[in-house]
Each structure stands twice: as structure tokens, then as C-alpha cells.
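# With the input below, show me the fold.
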Amino acid sequence: VQLVESGGGSVQAGGSLRLSCAMSGITLGRSCVKWWRQAPGKEREGVAHIAPDGSTWYGIFVKGRFSISLDNAKTTLYLQMNNLKVEDTATYYCVTGSGSGRYCYGETDWGQGTQVTVS
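Here you go, the predicted structure:
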């Protein structure tokens, strides 16, 4: 499995960014694809995921601001982030793990991360 994130950067509060993750070596029918993040001094937390059945989940802090999606070829995972807040500042990781139906089970593979800074 190879996961390569891109799209991070610096943006002012209220702005938008779209993160991308180029994925290879994944069988989507048995995998969940996810975005996690880690802010300085804080534990990693789940941001959003797509389960094998295509259903989505978002962390409560997202509150309708972010959208997770896959391209038609299902080789690139996106995270569209709108109305960014200072507290969204973190390193964002593309993550995969096993899953079945609408359920996801743990995290297996991690990308190198991309930095998002909101000021």
C-alpha cells in the first residue's frame, strides 16, 4: 500500500483547501479510506472516512465544513475543507484500514502527512 498526500498549505481563517491522497495497492471493497489529523501537542484524531459500502463518517468537529470523496477511478482520495478555523491547524494523514459494509476496523497504513496551517 502506498499513500501520498498533497494539497496542504497555509490559509486564512474562513478559507478553503483541498487535500489529495494518491492511493495504490488497496482493495476498496475490503478497505476503509480515511483522513486523520494531528495537531501539535495533541493526539491523532479521525477526521472522516469512506467505508467499503461507500458510506461516509465525519468527526463531530467537522460540522458540515469538510467533504470526503473518491475520484471515479477510486485511486485518489480527497478532503475538501471549507470555512477553515485556526483549530484545524494540523498535519493531515491519509489512512487505510480494513472494513466491511459500513464498518471500519482500525488503521493499517499511513501516508507521510501534509501540513495545514490556518491563521
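# The helix or strand of the chain with the lowest mean pLDDT pairs with which strands, and in what direction?
None of the helices or strands of the chain scores lower by mean pLDDT, DSSP states H and E than strand 103-110, at a mean of 93. Each strand that strand 103-110 pairs with, and the sense of that pairing, follows from DSSP bridges: strand 90-100 (antiparallel).
# buried set for the strand it pairs with?
Of the residues in strand 90-100, those scored as buried under the neighbour-count criterion (16 or more other CB atoms under 10 Å) are A90, T91, Y92, Y93, C94, V95, T96, G97, G99. To be clear about C-beta, it is placed using only N, CA and C from the backbone, and glycine gets the same treatment.
# do the same with stretch 38-52
Within stretch 38-52, the residues scored as buried using 16+ other CB under 10 Å are V47, A48, H49, I50, A51, P52.
# cool, and stretch 112-119?
Using 16+ other CB under 10 Å, the residues of stretch 112-119 that count as buried are G113, T114, V116, V118.
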